[in-house]
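Student: Compute the structure for the input listed below.
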Amino acid sequence: MDTRALLSLSGVLGLALLSGCTGPDPAPENTAVPSATSPAAACPDVAVVDVPRIGQGSDAQHAADLLAAYSDWANAGTQAVADDPAWRAADLAAHCLPDLARANRKAFVGKLFVTRDDAAWDEYYAQREAINLANLRSARLTGAGTRASFELQQMLEYSHTDSGSFVKFSAAYRSGGIGDDRLDRWYAALVPWDGAMIIDYIEATKQAPG
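Tutor: Numbering: from 1, shown residues only. As a prediction, the model looks like this:
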């Protein structure tokens, strides 16, 4: 299934839209998984995930940093789950891994995107959350953290203004055996925020071979 975020941002392929950016939505207050204070929250503790930033550098750095962040999101929490016997226990509550995947989603969305809570983006974020959840489940079963990665293949287009940047590139997804590998063509509009770049628009479509 193609991974796409086709959102109603007029003129998205032009940088004119970037000048209207008013900054990201407020960050979520807490992205940690709750500790065991009741049966409904009886999950092992885990540290809040460290979300990497997209640097304000060259076009290649924008693409590489974006893909590195997506790789980290795909694998978020998997090493902790693999290393902690409490996460691998037979009596682990069924909601714990989905809760962890949702907490990871909040952390990455809160640091990487302009829009954090909007129905138009929900399906896109849910797709990324599902990749992370599949990897968390694999880590619990195998006792090994996952190594999924998004790898830059080729820069295709780039433009930049004081208001932001637009990058177009091809990237390969290496699933590490959990899901299918694929080659996608990416489009992303990035805007500066707090010393880094954040995502105002993003789209990835499956690229035909050859």
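Student: all helices of the protein, in order?
Tutor: With DSSP state H applied, the chain shows helices at 59-75, 78-83, 85-88, 96-112, 119-142, listed in chain order.
Student: export the ones you listed to CSV and tack on distance to D162?
Tutor: From N, CA and C alone the C-beta is placed, and that goes for glycine too. Below are the helices of the chain laid out as CSV (distance: least, C-beta to C-beta, whole Å):
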stretch, distance to D162
helix 59-75, 15
helix 78-83, 39
helix 85-88, 46
helix 96-112, 21
helix 119-142, 26
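Student: Compare those helices and report which one is nearest to V48.
Tutor: helix 96-112 (6.5 Å; C-beta to C-beta).
Student: Give me the contacts around the closest one.
Tutor: 27-28, 31-34, 42-44, 46, 48-49, 51, 53-54, 69, 72-73, 76-77, 81, 87, 116, 125, 128-130, 132-133, 136-137, 140, 198-199 (C-beta atoms under 8 Å, 6 or more residues apart in numbering).
Student: Pull out the buried residues from that helix.
Tutor: Buried residues in helix 96-112, defined by neighbour count with 16 or more other C-beta atoms under 10 Å: 96-97, 99-112.
Student: Can you give the distance from it to the centre of its chain?
Tutor: For helix 96-112, the distance from its own C-alpha centre to the chain's C-alpha centre is 9 Å (C-alpha atoms, centre = their mean, to the nearest Å).
Student: For that helix, list the C-alpha coordinates in CSV.
Tutor: What follows is helix 96-112, C-alpha atoms only, in CSV (Å, rounded to 0.1, in the frame of the first residue of the first chain):
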residue,chain,number,x,y,z
CYS,A,96,0.9,-2.1,26.5
LEU,A,97,2.6,-2.3,23.1
PRO,A,98,-0.1,-0.3,21.4
ASP,A,99,0.1,2.3,24.2
LEU,A,100,3.9,2.5,23.7
ALA,A,101,3.5,2.9,19.9
ARG,A,102,0.9,5.7,20.5
ALA,A,103,3.3,7.4,23.0
ASN,A,104,6.1,7.2,20.4
ARG,A,105,3.8,8.7,17.8
LYS,A,106,3.0,11.6,20.0
ALA,A,107,6.7,12.2,20.6
PHE,A,108,7.7,12.1,17.0
VAL,A,109,4.7,14.1,15.7
GLY,A,110,5.3,16.7,18.4
LYS,A,111,8.9,17.3,17.4
LEU,A,112,8.8,16.8,13.6
